[in-house]
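> Need coordinates for the below:
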Amino acid sequence: MFVFVDETGNTGANLFDSAQPEFLTGALVTKTDFDVRRSRAVRSLCKRHGISSIHGSVIGVEAVENVAGPLLRILKEVDARFFISRVEKSYLLATKLFDTFFDSGENAAAPWTAYNLKPLRLLLCFKVACLIDEELARNFWTMLMTKSEDAARKMIPGICEVFYSASAVCPTQDHKSWFPRCSHGLRLTPKHWVSPWREGKPNKVICQI
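Prediction:
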């Protein structure tokens, strides 16, 4: 099995690039080495159309359409398969906020059931995503990315208070009985939440997002 992977939309720690709101990964999967078996055919195709390589952002839409048919035949000859993954960066941020404040293993003030029961965790995470506006998102991400523990801790109370207030207007009706109890931990969070700076160092997972 051979897999050729490419990606687009990598903006590093900047999740707010309006021109690239998504991160996409595409993989060409073949049973044999595509380069060995079909590289000559691909080079011949490129030469015939006056291009050096088949790269959409370089050659443009018209050239892509011109080579699409012949390229498809080449791919069918090797029984190629494709895998595509899509990450919407706004929801990456939302799930990170949810993990940070609602994981009872990280925030002792959060109720255990809110995070450790999968059906409830998924439902609550969706509700959290609905409540995050751009200002809250930017403040949270700035806090998460800062290398200074003291600076980050000073930002936590304001972020938690804004989010707790927003929980009162969650757009679904069924939250009224249990969502306030889950989000109540946000008011206690500042003195409990410590995970990103364990041993005085930023969490490696957080820094690598």
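
> Against A63, how distant is the residue lying farthest from the centre of the chain?
Here the chain reaches farthest from its C-alpha mean at R48, the gap being 39.4 Å by CA atoms, centre = their mean. Distance, R48 to A63, using CB to CB, to the nearest Å: 11 Å. For glycine as for every other residue, the C-beta is placed from the backbone atoms N, C-alpha and C.

> for F126, same thing?
Taking CB to CB as the criterion, F126 is separated from A63 by 41 Å.

> ok, these two, which is more surrounded?
Neighbours per residue (other CB atoms under 10 Å) separate F126 from A63, with A63 holding more: 17 against 14.

> ok so the more buried one is a helix residue?
Yes. Read with DSSP: H, G, I helix; E, B strand; the rest coil, A63 is one of the residues of a helix.

> Surely it touches S52?
No. Taking contact to mean CB atoms under 8 Å, the distance of 11.1 Å between A63 and S52 leaves them out of contact.

> And for R40, the neighbour number?
Applying other CB under 10 Å, we find 10 residues neighbouring R40.

> quick one: contacts for it?
If a contact means CB atoms under 8 Å, 6 or more residues apart in numbering, then R40 has no contacts.

> give me the element it is part of.
Secondary-structure assignment from DSSP states H and E places R40 in helix 34-48.

> Can you point out the buried residues in that helix?
Taking 16 or more other CB atoms under 10 Å as the basis for neighbour counts, the residues of helix 34-48 that come out buried are F34, R38, V42, L45, C46.

> With stretch 124-141 instead?
Applying a neighbour-count criterion of 16+ other CB under 10 Å, the buried positions in stretch 124-141 are L124, C125, K127, V128, A129, L131, I132, L136, A137, F140, W141.

> Take these and keep only those in helices.
Here DSSP state H is the test, and those give L124, C125, K127, V128, A129, L131, L136, A137, F140, W141 as lying in helices.

> Next one: Y115 from A166, what distance?
Here the distance between Y115 and A166 works out to 19 Å (CB to CB).

> so what's the closest residue in space to A80 that isn't next to it in sequence bridging to?
Distance criterion CB to CB, 6 or more residues apart in numbering; nearest residue to A80, sequence neighbours excluded, is T30 at 5.2 Å. On DSSP bridges, the residues paired with T30 through beta bridges are F2.

> T30 touches K76, doesn't it?
No. In terms of CB under 8 Å, T30 does not count as a neighbour of K76; the distance is 11.4 Å.

> neighbour-wise, which of these two wins?
Neighbours of T30 and K76, each counted by other CB under 10 Å, are more numerous for T30; the result is 18 against 9.

> tell me the pLDDT at that one?
The score at T30 is 95. That number is its pLDDT.
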